[in-house]
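K.L.:
Sharing a model prediction with you, sequence too.
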Amino acid sequence: MSSKTSTTIGFERRFNLALSAGDEAAFVQALMTGLPAKPPNFDRIIARNRARALPLSGEPRALSAAQVRELVAKGAVVVDTRTAAEFGDGHVPGALNVWIDSPQFANRVGLFAPADRPLVLVAGGPTDLTRAVQGLGRIGLDEIAGHLQWGMGDWKSQGLPLGQVPQISVHDLATMKEEQADLLIIDVREPFEWDEGHIEGALHLPMGEAVRRLAELPTGRPTAVVCAGGLRSSLVISALAREGVPARWHNVAGGMGMWTRAGYPTARTGGIQSRA
């Protein structure tokens, strides 16, 4: 996987890590180690990739706040494609938050959105809406019931229930960790990221396993969720809140990247402590 549009056998033999394995067993081990969880709609993705052409999706139907609320009551899933900060400021309760510019946007939606439910989109603008529809269609999530026409402004003006998630800085997190003995920190990064350095005492719950392992979570405690930069953490918060996990959620803006740059200590696998 590279930005190169062409290559040579000699170049690949020299630089392609997948070809550096000494035997078949080492090759398989290298490629299979650290793979993320299989998305629940993986079979749909395979079928879509084998299709000769994508179905025509068109522009999703514009919906009022009242119409969205009615669809949600019937089982539709809201996918909020705005930033974590915008989502935290106010969102449709039960919505999943996947920023449209997140890495692997569609795959992340597919990891948490039930494949048999219609989707309602909340987007920051027409361009984001179009990109979301196209991306979701590529993985087989093309049952789009519509989009919230006037955004969250319409929802708020109607006085409808509002979900919120406080966004905290790493400095806030350090203070909370010092002052709140019952604070739960959840790290949703992948195992290799965790091994490279994490906050001492944090619970490791990789993004792809979060909902499956929700029974392991202590409930009713102030909970700060951290990832590398604040995107996956917001998604996991939205997914667990959608499942009804009772917690006082906080999303750590800037994530572990900002934590280490600020000079706060990290623990590594094996108990080694370090400072950035």
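P.N.:
Happy to help now that I have it. Residues are numbered from 1 along each chain as shown.

K.L.:
burial of the residue nearest to residue 61 when sequence neighbours are not counted, as a residue count?
P.N.:
Sequence neighbours aside, residue 146 is the residue nearest to residue 61 in space, at 3.7 Å (criterion: Cβ to Cβ, 6 or more residues apart in numbering). Backbone N, C-alpha and C define where each C-beta goes, glycine included. A count of neighbours around residue 146, defined by other Cβ atoms under 10 Å, yields 19.

K.L.:
next one: residue 158
P.N.:
Applying other Cβ under 10 Å, we find 11 residues neighbouring residue 158.

K.L.:
All further residue positions should be reported with the first residue as 54.
P.N.:
Noted, 54 is the first residue going forward, which turns the last one into residue 211.

K.L.:
Look up the residues forming beta bridges with residue 277.
P.N.:
Using DSSP bridges, the bridge partners assigned to residue 277 are residue 238, residue 303.

K.L.:
show me the contacts for it.
P.N.:
221, 226, 229, 236, 237, 238, 239, 303, 304, 305 (Cβ atoms under 8 Å, 6 or more residues apart in numbering).

K.L.:
ok, the fourth one - contacts?
P.N.:
Counting by Cβ under 8 Å, 6+ apart, residue 236 touches 229, 230, 274, 275, 276, 277.

K.L.:
repeat for the third one
P.N.:
For residue 229, the contact set (Cβ under 8 Å, 6+ apart) comprises 221, 236, 275, 277, 303.

K.L.:
Tell me if I'm right that the third one and residue 237 touch.
P.N.:
Translated: residue 275. Yes - with contact defined as Cβ atoms under 8 Å, residue 275 and residue 237 form a contacting pair (7.0 Å).

K.L.:
Run through the strands of the protein in chain order.
P.N.:
Using DSSP state E, the strands of the chain run over residues 115-116, 130-133, 149-150, 172-175, 197-201, 220-221, 237-240, 256-257, 275-279, 301-305, 318-320, 326-328.

K.L.:
Looking at the ones you listed, which one is packed in the most?
P.N.:
Most buried of the strands of the chain by mean neighbour count (mean count of other Cβ atoms under 10 Å) is strand 149-150; its value is a mean of 28.

K.L.:
Mutual contacts of residue 275 and residue 237, please.
P.N.:
residue 300.

K.L.:
So, low pLDDT: which residues of the chain?
P.N.:
When residues are selected by pLDDT under 70, those of the chain lie in 54-56, 87, 89-98, 100-102, 104-111, 323-329.

K.L.:
Please, where are all the helices along it?
P.N.:
62-68, 77-85, 95-103, 118-126, 137-142, 158-165, 179-191, 204-210, 223-232, 244-249, 284-295, 308-314 (DSSP state H).

K.L.:
what does the last one rub up against?
P.N.:
Going back to what we said before, that points to helix 308-314. Here helix 308-314 makes contact (Cβ under 8 Å, 6+ apart) with 222-223, 226, 240, 242, 246, 250-252, 279-283, 286, 305, 319, 329.

K.L.:
one step back: could you measure from the residue nearest to residue 114 over to residue 77?
P.N.:
Taking Cβ to Cβ, to the nearest Å as the measure, residue 199 falls 50 Å from residue 77.

K.L.:
Check residue 190 too.
P.N.:
37 Å.

K.L.:
Please identify which of those two sits among more neighbours.
P.N.:
Comparing residue 190 with residue 77 by other Cβ under 10 Å, the one with more neighbours is residue 190, at 18 against 8.

K.L.:
Report the separation between that one and residue 196.
P.N.:
Distance of residue 190 to residue 196, computed by Cβ to Cβ: 10 Å.

K.L.:
With residue 243 instead?
P.N.:
Distance, residue 243 to residue 196, by Cβ to Cβ: 30 Å.

K.L.:
Residue 215 too?
P.N.:
The gap separating residue 215 from residue 196 is 26 Å, by Cβ to Cβ.

K.L.:
circling back to that earlier point, in JSON lines, list the contacts of residue 277 along with distance to residue 210.
P.N.:
Shown next, in JSON lines, are those (distance: Cβ to Cβ, whole Å):
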{"residue": "221", "distance to residue 210": "28"}
{"residue": "226", "distance to residue 210": "34"}
{"residue": "229", "distance to residue 210": "33"}
{"residue": "236", "distance to residue 210": "35"}
{"residue": "237", "distance to residue 210": "35"}
{"residue": "238", "distance to residue 210": "36"}
{"residue": "239", "distance to residue 210": "34"}
{"residue": "303", "distance to residue 210": "27"}
{"residue": "304", "distance to residue 210": "25"}
{"residue": "305", "distance to residue 210": "31"}
